[in-house]
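> just a sequence and a predicted model for now, questions to come.
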Amino acid sequence: MFEICDFYGFCKAKNVDVIPYDGAPQPGATIRDEGNYAVFLDFTKIRSTRLLRGVCLHELGHVATGALHKVDSPYELVERSEYRANRWATETYLSEEAFREAFAEGYAELWELAEYFDLPEKCVADALTYWKERKGIDFET
């Protein structure tokens, strides 16, 4: 299960700066300058610990995979970078086994799973969709 300390520990170990930045267009953003990474968090847009966990998990996916794109590049797709970051986060912290454990403990509805993982419903829904549709996992068996 993902914890905020996983994010900060990874960033510290990899020398990634974590910078509060009010007024950003998104709650979180990761940039790379040559080989140096920084994650910007806009706490004016992050209104709950659950949302903070979701933002940190997603940005950790960007840092761990290097899945970034140039803002003005006509050749790099934003969606591809977002998909790679989300896939890493899902495979690492919202694994098939983690979902099976949640289901075995009686969590079945999306809101229940979001509470179990302490992540935003969209994050959990995207991970569940990944396992069911991309990987063909049947959690009913």
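In hand now; what should we look at?
> from here on, just use CA atoms for contacts and neighbour counts.
Will do.
> at the geometric centre of this protein, which residue sits there?
residue 58 (2.3 Å; Cα atoms, centre = their mean).
> ok, now how distant is it from residue 64?
10 Å (Cα to Cα, to the nearest Å).
> between the two, what contacts are shared?
Between them, residue 58 and residue 64 share these contacting residues under Cα atoms under 8 Å, 6 or more residues apart in numbering: residue 85.
> distance from the helix or strand containing the residue nearest to the centre of the chain to the middle of the chain?
Per DSSP states H and E, residue 58 falls inside helix 49-65. Mean-position distance between helix 49-65 and its chain equals 4 Å (Cα atoms, centre = their mean, to the nearest Å).
> which strands or helices does that helix pack on?
Helices and strands touching helix 49-65, by 3 or more Cα pairs under 8 Å, 6 or more residues apart in numbering; DSSP states H and E, are helix 4-13, strand 28-33, helix 78-93.
> for it, buried residues please.
Residues of helix 49-65 classed as buried: 50-64 (neighbour count, 16 or more other Cα atoms under 10 Å).
> closest to residue 72 out of those residues?
Using Cα to Cα, residue 62 comes nearest to residue 72 of the buried residues of helix 49-65, at 18.1 Å.
> from what I can see the closest one touches residue 31, true?
No - Residue 62 is not in contact with residue 31 according to Cα atoms under 8 Å; the separation is 9.0 Å.
> and for the two, which residues touch both?
Counting by Cα under 8 Å, 6+ apart, the residues touching both residue 62 and residue 31 are residue 68.
> how close does residue 30 sit to residue 86?
14 Å.
> same question but for residue 43, I mixed them up
Plainly put, residue 43 is 21 Å away from residue 86 if you go by Cα to Cα.
> who's more crowded, the two?
Between residue 43 and residue 86, counting by other Cα atoms under 10 Å, residue 86 is the more crowded of the two (24 against 16).
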